[in-house]
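> Let me see the structure of the following:
(one chain, ligands or ions: 1)
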Amino acid sequence: MTQWHPSQDQLIEFASGSISSAMSIAVATHLHYCKACQAQVKTAEAAASALFETQAPEQAVGLDFDSLMAKIDNSEPPQIVKPAKVKARRFPAVVEKLIDGEVNALNWSSPMKNLHTTSLMKDENGLIVGLHHMQAGGRVPAHTHRGNEISVVIEGGFSDELGTYDAGDFIHLDGKHNHSPLAHADGDCWLLTIVEAPVKLTGPFGWIINPFLKP
Ligand SMILES: [Zn+2]
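Okay, the predicted model is just below:
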């Protein structure tokens, strides 16, 4: 049972298709594990299609969940969520598709002790989808996060100062969090991660801001 979920706004954006590709992948990965959020997405999808039939699509944008629900008081009940197929793969299908082969064959690097990372894709908003891997029982040194970061546990789990996380948990970290994750002792921990692309200080504008950087 997952304990950490996307926000209601993120689920509505996912249902309405207005979410970025990278965030869509993160939410879809969480939905693989979470029946409660699957049901919320189905309800929001039904609401969105009900609105689409009665209003111009742009009028639906920006409504909060309660307003959306109030608009469809008389609509049909949400569809029943189909049971998940029997798992033949190691990770959720959306993650397997991005890995596209053997996870060990990806180009891994180790930015910190007990942590290995790799990138899978960059989306239209510059968000980078990647994987993090922590050795069973390994502790990653204390660090903060640059900008916003989403992690979804796809195998194993870890704990930090804020809680304990297991498969399916959707974790939102930002620059305010300083944490030192500890992977569960009984198996390696794998995470799908969404991070903002690093800001580059070199390039066409670098020497305009600081002429001394001009080669
Ligand atoms: Zn959920």
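> Report how many residues lie close to Ser20.
Ser20 has 15 neighbouring residues, counting by other CB atoms under 10 Å. Quick note: C-beta positions are derived from backbone N, CA and C, even for glycine.
> now the residue lying closest to it once chain neighbours are set aside, what's its secondary structure?
Distances taken as CB to CB, 6 or more residues apart in numbering place Asn125 nearest to Ser20, at 4.7 Å, with adjacent residues excluded. Recorded secondary structure, Asn125: coil (DSSP: H, G, I helix; E, B strand; the rest coil).
> Name all residues that make contact with Asn125.
By CB atoms under 8 Å, 6 or more residues apart in numbering, Asn125 lies in contact with 20-22.
> Now name the helix or strand holding Ala47.
Secondary structure assignment for Ala47, by DSSP states H and E: helix 35-54.
> How about that helix and the ion, touching?
Yes. Counting by CB under 5 Å from the ion, the ion is contacted by helix 35-54 at Cys37.
> so what secondary structure elements neighbour that helix?
Helix 35-54 makes packing contacts with helix 8-16, helix 21-33, helix 65-71 when contacts are defined by 3 or more CB pairs under 8 Å, 6 or more residues apart in numbering; DSSP states H and E.
> Pick the most buried one from those helices.
helix 21-33 (a mean of 22; mean count of other CB atoms under 10 Å).
> got the CA coordinates for that one in CSV?
Coordinates of each C-alpha in helix 21-33 appear next as CSV, following Å, rounded to 0.1, in the frame of the first residue of the first chain:
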residue,chain,number,x,y,z
SER,A,21,5.8,14.3,-20.5
ALA,A,22,8.2,13.7,-17.7
MET,A,23,5.6,14.3,-15.0
SER,A,24,3.2,12.2,-16.9
ILE,A,25,5.7,9.3,-16.7
ALA,A,26,6.1,9.8,-13.0
VAL,A,27,2.3,9.8,-12.4
ALA,A,28,1.8,6.8,-14.7
THR,A,29,4.5,4.9,-12.7
HIS,A,30,2.8,5.7,-9.4
LEU,A,31,-0.6,4.6,-10.8
HIS,A,32,0.8,1.2,-11.6
TYR,A,33,0.9,0.6,-7.8
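> Grab the most central residue of the chain for me.
The residue lying closest to the centre of the chain (CA atoms, centre = their mean) is Ala26, at 2.8 Å.
> hmm, back to that, would you reformat the helices and strands packed on helix 35-54 as JSON lines and include distance to Leu115 and mean pLDDT?
Listed next are the helices and strands packed on helix 35-54 as JSON lines, based on distance: least, CB to CB, whole Å; pLDDT from 0 to 100:
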{"stretch": "helix 8-16", "distance to Leu115": "26", "mean pLDDT": "94"}
{"stretch": "helix 21-33", "distance to Leu115": "19", "mean pLDDT": "96"}
{"stretch": "helix 65-71", "distance to Leu115": "36", "mean pLDDT": "61"}
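> Looking at those, spot the one closest to His143.
For His143, the closest of these is helix 21-33, at 20.4 Å, according to CB to CB.
> Not counting its own residues, what contacts that closest one?
Outside helix 21-33, the residues touching it (CB under 8 Å, 6+ apart) are 2, 5-6, 10-11, 13-14, 19, 37-38, 41, 84, 92-95, 98, 121-125, 127-129, 150, 152, 154, 167-170, 192, 194.
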